[in-house]
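>>> Next come a sequence and a model predicted from it.
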Amino acid sequence: MAAITATIGRILLGALFVFAGFGKVMDTAGTAAYMEAESPFPGSLALAVGAFEIVAGLVLASGFVTRIASLSLIVFTALATLFFHEQVTDQVQAAMALKNLAIIGGLLMVFAYGQVRGRIDVVDERAKRLDAEIRAAHAEGKAEGASAASSD
C-alpha cells in the first residue's frame, strides 16, 4: 500500500510542475512580462523555465532518477519562492509561499525515499530467490541419493 501511495504522490507532484510548465510555454509573453516585473530575471528565460518544469515534472512522475529530479525541483521551487513570493505581508503572496514550502516538503520526501523499486528489480530478486531454492533442492536431492546409496 505504501508503494502505491508513494507512486501516486510522486505522479501528482510531477503533474503540478508539468501543468505549470505548460502554462508558461503556452503564454510565453505573459510569463516573460511577469518575470521582468517581479524578479531580476530576464523575460527571455520564460520558455526555458516552462520547458524545465515540463521535463523535470515528467521525469519525477515517471519514477526515473527521482532523487535528481526532486533535488532540482527543490532548488527551482525555493528560488521561485525567494524571487516571486517574497512579499509575505500580502495574503496572496504568503499563501503562494506556503504552498511552495509544502511542495518542497513533498519533494524532500521523494528525495529521502527515492523511487519505489521498479519491476525489473522485483523480477531480478525473484529470479535470484528461485535459483537459490533450486540449488538447495538439488543439494538436498544429492544428499538423499548419497545416503540411500550408502545404506544399500
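Done, it's in. Residues are numbered from 1 along each chain as shown.

>>> isn't Phe41 right up against Tyr34?
No: contact criterion Cβ atoms under 8 Å: Phe41 and Tyr34 do not qualify, at 10.1 Å. Where C-beta positions appear, they are placed from N, C-alpha and C, glycine not excepted.

>>> ranges for the helices of the chain?
Using DSSP state H, the helices found in the chain span residues 2-26, 28-38, 46-62, 66-84, 91-113, 119-151.

>>> can you list these in CSV and add mean neighbour count and mean pLDDT?
Converted to CSV, these look like this (neighbours: other Cβ atoms under 10 Å; pLDDT from 0 to 100):
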stretch, mean neighbour count, mean pLDDT
helix 2-26, 16, 92
helix 28-38, 15, 92
helix 46-62, 19, 96
helix 66-84, 18, 94
helix 91-113, 15, 93
helix 119-151, 10, 73
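
>>> could I have stretch 39-59 exported to CSV, CA atoms only?
Provided in CSV are the C-alpha atoms of stretch 39-59 (Å, rounded to 0.1, in the frame of the first residue of the first chain):
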residue,chain,number,x,y,z
SER,A,39,12.2,39.4,-10.4
PRO,A,40,15.7,40.3,-11.6
PHE,A,41,15.5,37.6,-14.3
PRO,A,42,15.1,38.4,-17.9
GLY,A,43,11.9,37.5,-19.7
SER,A,44,13.8,35.6,-22.3
LEU,A,45,14.1,32.8,-19.8
ALA,A,46,10.3,32.2,-19.8
LEU,A,47,10.4,29.4,-22.4
ALA,A,48,13.4,27.7,-20.8
VAL,A,49,11.7,27.8,-17.4
GLY,A,50,8.5,26.3,-18.8
ALA,A,51,10.4,23.6,-20.6
PHE,A,52,12.4,22.8,-17.5
GLU,A,53,9.2,22.4,-15.4
ILE,A,54,7.7,20.1,-18.0
VAL,A,55,10.7,17.9,-18.4
ALA,A,56,11.5,17.8,-14.6
GLY,A,57,7.9,17.1,-13.8
LEU,A,58,7.7,14.2,-16.3
VAL,A,59,10.9,12.8,-15.0
